[in-house]
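Colleague: All I have is the shape, not the residue letters:
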């Protein structure tokens, strides 16, 4: 109850707080066929109000464009969206973290964004991780932007497939054989395996490049929300991860849970048990899609009409806004954005 009260308080105060600044950036990406689209959220003092992330389905967030940034340095958080997501689709996250004093840099991962997401296009995690390193190169190489960033407080946060990406940037190494074995034994419960197969990808025959060492030494903390590919990471690489880490599960797992959940706990991938500096936090009632932006009133009807997954639905007793406020509170506490418990300072 205390955590829920804190989360609701944070949500209420955020609604009254100064809107954060938002800029669109273009990131050079030599590892891709073209540049990356990126978005930057930051504490701001003035600017022109605009709605970011507003669609026919999802609610957006008010931000300040052409904004005057507050003097730094601020912690920097790199964010990797899930498959089918986008940098504007997580506007609630970027705005909420910027209100707590962070600079937040998000990129669109080509082949894995809204309207341009396929199993084959989403698969190369090595390119996703390189996207984030390229974004960090850009941020620290721009004198005006670098002046706002504390180079000793750079974290990476990812959701779903983005969570797997974040862990790779922190040092986790992918093992193709381990992932193929997991898919063989998981059956219908392996939703990620089924999704890959639906796009013609054989989980037992993934490209060798996925096993590359993608650790970026500039990262000082990692946060994974329902991170994908937990069964695929090598035990040695997880055990060697000295970075402080927060792993968040959206919803309970196991028999009777009733809602799709990513099991990273002791009965599943046991990521926290295999990472020496990791803490595992469960937010419930919730489910995987609680991390997506809040849907508009007609959202469930539109989803039903299109025959898509029920991404606007919520478990009984769950409020998406309250779940997201708890996520913001957990991340803020872990990174020391709102007071005690700084992950990066442990």
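Modeller: Received the coordinates, thanks. As the structure is a computational prediction, the values presented were derived from the model and not from experiment. Numbering: from 1, shown residues only.
Colleague: So residue 230 sits against residue 267, correct?
Modeller: No. Counting by CB atoms under 8 Å, residue 230 stays clear of residue 267, with 12.0 Å between them. Glycine gets a C-beta too; all of them are placed from N, C-alpha and C.
Colleague: who has more neighbours, those two?
Modeller: Between residue 230 and residue 267, counted using other CB atoms under 10 Å, residue 230 has the larger neighbour count: 27 against 9.
Colleague: Per-residue pLDDT of the more buried one, please?
Modeller: We have a pLDDT of 93 for residue 230.
Colleague: distance of it from residue 274?
Modeller: Distance of residue 230 to residue 274, given as CB to CB, to the nearest Å: 9 Å.
Colleague: try residue 146
Modeller: Counting by CB to CB, the separation of residue 146 from residue 274 is 35 Å.
Colleague: The two: who's more crowded?
Modeller: Using other CB under 10 Å, the more surrounded residue of residue 146 and residue 274 is residue 274, with 18 against 15.
Colleague: quick one: contacts for the more buried one?
Modeller: Applying CB atoms under 8 Å, 6 or more residues apart in numbering, we find residue 274 in contact with 235, 238, 239.
Colleague: and it, what pLDDT?
Modeller: pLDDT, residue 274: 96.
Colleague: and what of residue 4?
Modeller: pLDDT recorded at residue 4 is 45.
Colleague: Which stretches in the stretch 51-200 of the chain count as strands?
Modeller: 61-69, 74-80, 103-107, 112-113, 116-117, 149-159 (DSSP state E, counting those that start in this stretch).
Colleague: Could you save those strands as a markdown table and add columns showing mean pLDDT and mean neighbour count?
Modeller: Shown next, in a markdown table, are the strands of the stretch 51-200 of the chain (pLDDT from 0 to 100; neighbours: other CB atoms under 10 Å):
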| stretch | mean pLDDT | mean neighbour count |
| --- | --- | --- |
| strand 61-69 | 95 | 19 |
| strand 74-80 | 98 | 26 |
| strand 103-107 | 98 | 28 |
| strand 112-113 | 88 | 24 |
| strand 116-117 | 80 | 17 |
| strand 149-159 | 98 | 23 |
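Colleague: of all those strands, which lies closest to residue 294?
Modeller: Closest to residue 294 of the strands of the stretch 51-200 of the chain, according to CB to CB: strand 61-69, at 9.9 Å.
Colleague: Name the residue closest to the centre of the chain, please.
Modeller: With distances taken as CA atoms, centre = their mean, residue 158 lies nearest the centre of the chain, 2.6 Å away.
Colleague: Surely it touches residue 172?
Modeller: No. With contact defined as CB under 8 Å, residue 158 does not reach residue 172; the gap is 11.2 Å.
Colleague: Need the overlap of contacts for the two.
Modeller: In contact with both residue 158 and residue 172: residue 164, using CB under 8 Å, 6+ apart.
Colleague: check contacts around residue 136.
Modeller: 76, 78, 105, 154, 216, 218.
Colleague: And the second one, how close does it get to residue 50?
Modeller: What that stands for is residue 78. 23 Å.
Colleague: Tell me how far residue 29 lies from residue 36.
Modeller: 5 Å.
Colleague: quick one: common contacting residues for the two?
Modeller: 131, 134.
Colleague: before we move on, the earlier item: quick check: closest non-adjacent residue to the residue nearest to the centre of the chain.
Modeller: Excluding the flanking residues, the one nearest residue 158 by CB to CB, 6 or more residues apart in numbering is residue 166, at 3.3 Å.
Colleague: Can you give me the separation between that neighbour and residue 116?
Modeller: Counting by CB to CB - residue 166 and residue 116 are separated by 21 Å.
Colleague: just residue 36 next, same as before
Modeller: For residue 36 relative to residue 116 (CB to CB), the value is 13 Å.
Colleague: Mind listing the shared neighbours of those two?
Modeller: Common contacts of residue 36 and residue 116 (CB under 8 Å, 6+ apart): residue 110.
Colleague: So which bits of the lengthiest helix in the chain are buried?
Modeller: Using DSSP state H, we find that the single longest helix of the chain is helix 125-141. In terms of neighbour count (16 or more other CB atoms under 10 Å), helix 125-141 has its buried residues at 125-136, 138-139.
Colleague: Can you give me the buried ones in stretch 188-207?
Modeller: Buried residues in stretch 188-207 (16+ other CB under 10 Å): 190, 192, 193, 195, 196, 201, 203, 206.
Colleague: low-scoring pLDDT stretches of the chain, where are they?
Modeller: 1-17, 253-261, 299, 303-308, 338-346 (pLDDT under 70).
Colleague: Could I get the full set of strands for the stretch 201-346 of the chain?
Modeller: Under DSSP E, counting those that start in this stretch, the stretch 201-346 of the chain gives strands at 221-225, 245-250, 278-283.
Colleague: What is the neighbour count of residue 35?
Modeller: Residue 35 has 14 neighbours, counted by other CB under 10 Å.
Colleague: quick one: what helix or strand has the closest residue to it other than its chain neighbours in it?
Modeller: Nearest non-adjacent residue to residue 35, counting by CB to CB, 6+ apart: residue 26, 5.0 Å away. Element membership for residue 26, per DSSP states H and E: strand 21-27.
Colleague: Quick check: next helix or strand after that strand?
Modeller: Following strand 21-27 in sequence, per DSSP H and E, is strand 36-42.
Colleague: angle of that next one against strand 149-159?
Modeller: With axes from the mean of the first three to the mean of the last three CA atoms, to 10 degrees defining the directions, strand 36-42 sits at 120 degrees from strand 149-159.
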